[in-house]
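Enquirer: Predicted structure and sequence below. I'll ask about it afterward.
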Amino acid sequence: MTALTKTLQILAALATLLGCNIYSYAPECGKFKRRQALQFVISLMHFIWIRPWMYLSMTLYSIFYIKHFLQILSLTANPNDYGLQMVYYLSAIILRYQYIVVCVAFLYIYKHFKDEVQTMLNEFVFIYRESRRLSGIEPDINWWLFLVYVKESFIPAADMFAEYKISRLPYVGPESIISKFCSLSAVLFVCLQPFVLSMLVHLGLLLLHGCYKQQLQLRLCHTAAAHKELLDHYMTLMKLRKSFEPFFRPFVWTALLAHLTAFMLNFHIFLYDQHNIRHFLYTSVCAMLYPLCLLQQCLSISSIEKQFGSQLLRFRKNGKKQSQVS
């Protein structure tokens, strides 16, 4: 059993325990199937737990920010830092609840795209097997990049466990039942579930990138049939990339929004405290690590696809010439 298989099994088990996975791999047919009983339980959990928590939290926060925004408009002539404090508080909320975007995207995908997710998982299985068959080796996974992505996913997830940060809803007492309910919900739906899903999605990106690099290393076959088989595999790989992108985007948007907000906060602190230049540079470099790694992978995949496209055009032109000669 390879490291990739073990990692996927562990993450799939965690996702099932946390209520964000309804698929299981069937070795006898080599495909992913939906578990109907688990799907019913998760759908019930969404109806009686996640949606009431989200509606309650969004309503209380909306009332709170509308009220304070109106107060800011009435205090514009008064030279104080009230507006700046609200910007800081809003930024802190964005950083604390950045995974709420993933939670909403997960609910939407679960409700409308269950069949598409199952198809995409089966396409991953097919691409993985075909890559091993054509090249004779498994796709190479960059585990150093995976550690970067794990760290990127772990920081906001671990930040939610701090006692002073867990779901401080406005207009709700810290010892009330509503506060405890929202705290437990925030830990599960804004911390644990998005963390596991983020690792699965980033591992899927690394596997896709590994398949791209592996197929690029294969030499063109001399026979037309083998050459066509390789190009058909290229087309399937590019089709998988297009179907995988919509499921990957929420995690990218969430991380980039959090980095942008953190950079703005650190830059503003640096303007007020010039002696904090070392901290500002350190946080800026750390904030650029994830976008740079992601950009490197996307550019690499785009470059390989351009080479796939040129090979495909060349093969089609040669095929037309051969048909004209015959």
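Expert: Sure thing, it's come through. Numbering: from 1, shown residues only.

Enquirer: all helices in the stretch 51-200 of the chain, in order from the N-terminus.
Expert: Secondary structure of the stretch 51-200 of the chain, counting by DSSP state H, counting those that start in this stretch: helices at 51-74, 82-96, 100-112, 114-135, 143-159, 177-187, 193-217.

Enquirer: Now tabulate those in CSV and tack on mean pLDDT and distance to A258.
Expert: Yep, even glycine has a C-beta here, placed from its N, CA and C like the rest. Output for the helices of the stretch 51-200 of the chain, formatted as CSV (pLDDT from 0 to 100; distance: least, CB to CB, whole Å):
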stretch, mean pLDDT, distance to A258
helix 51-74, 82, 18
helix 82-96, 69, 6
helix 100-112, 84, 10
helix 114-135, 89, 25
helix 143-159, 83, 7
helix 177-187, 82, 16
helix 193-217, 88, 12
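
Enquirer: pretty sure K33 is in a strand, no?
Expert: Yes. Assessed with DSSP: H, G, I helix; E, B strand; the rest coil, K33 lies in a strand.

Enquirer: Please report how far the nearest residue to it once chain neighbours are set aside lies from M120.
Expert: Spatial nearest neighbour of K33, chain neighbours left out: A26 (5.3 Å); criterion: CB to CB, 6 or more residues apart in numbering. Computed as CB to CB, to the nearest Å, the A26 to M120 distance reads 16 Å.

Enquirer: Looking at these two, which one has more neighbours?
Expert: Neighbour count, other CB atoms under 10 Å: between A26 and M120, M120 has more, with 17 against 10.

Enquirer: Next, work out how far apart that one and I277 are.
Expert: 46 Å.

Enquirer: how about the residue nearest to K33, phi and psi?
Expert: When read as degrees, to the nearest 10, the backbone of A26 gives phi -100, psi 100.

Enquirer: Mind putting the helices of the stretch 51-200 of the chain into CSV with distance to K33?
Expert: Listed next are the helices of the stretch 51-200 of the chain as CSV, based on distance: least, CB to CB, whole Å:
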stretch, distance to K33
helix 51-74, 27
helix 82-96, 37
helix 100-112, 16
helix 114-135, 8
helix 143-159, 27
helix 177-187, 30
helix 193-217, 17
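
Enquirer: Just the residues contacting stretch 131-149, thanks.
Expert: The contact list for stretch 131-149 (CB atoms under 8 Å, 6 or more residues apart in numbering) reads 2-4, 128, 198-199, 202-203, 206-207, 209-211, 213-215, 217-218, 229-230, 233, 289-290, 293, 297.

Enquirer: Show me which of these are buried.
Expert: If you count burial by 16 or more other CB atoms under 10 Å, the buried members of the contacts of stretch 131-149 come out as 4, 128, 198-199, 202-203, 206-207, 209-211, 214-215, 230, 233, 290, 293, 297.

Enquirer: Contact partners for V172?
Expert: Shown in contact with V172 (CB under 8 Å, 6+ apart): 60, 178-179, 182.

Enquirer: run the last query once more with 7 Å
Expert: Applying CB atoms under 7 Å, 6 or more residues apart in numbering to V172 gives the contacts 60, 178-179.

Enquirer: Check those for burial and list the buried ones.
Expert: The neighbour count (16+ other CB under 10 Å) marks 60, 179 as buried among those.

Enquirer: Around G173, how many other residues sit close by?
Expert: Other residues close to G173 by other CB under 10 Å number 9.

Enquirer: Now it. Its backbone dihedrals?
Expert: According to degrees, to the nearest 10, G173 has phi -70, psi 150.

Enquirer: contacting residues for the closest residue to it other than its chain neighbours?
Expert: Computed as CB to CB, 6+ apart, the closest residue to G173 that is not its neighbour in sequence is S179, at 6.2 Å. Applying CB under 7 Å, 6+ apart to S179 gives the contacts 169, 172-173.

Enquirer: Lowest-confidence one in those residues?
Expert: The member of the contacts of S179 with the lowest pLDDT is L169, at 74.

Enquirer: Name the residue closest to the centre of this protein, please.
Expert: F251 (3.0 Å; CA atoms, centre = their mean).

Enquirer: Can you tell me the SS state at that one?
Expert: Recorded secondary structure, F251: helix (three-state DSSP).

Enquirer: From V117, how far off is it?
Expert: 15 Å.

Enquirer: what does K33 give?
Expert: 12 Å.

Enquirer: Between those two, which is the more surrounded one?
Expert: Of the pair K33 and V117, V117 is the one with more neighbours under other CB under 10 Å, namely 18 against 14.

Enquirer: For that one, which non-adjacent residue is closest in space?
Expert: Using CB to CB, 6+ apart, the nearest residue to V117 is I109, at 6.7 Å.
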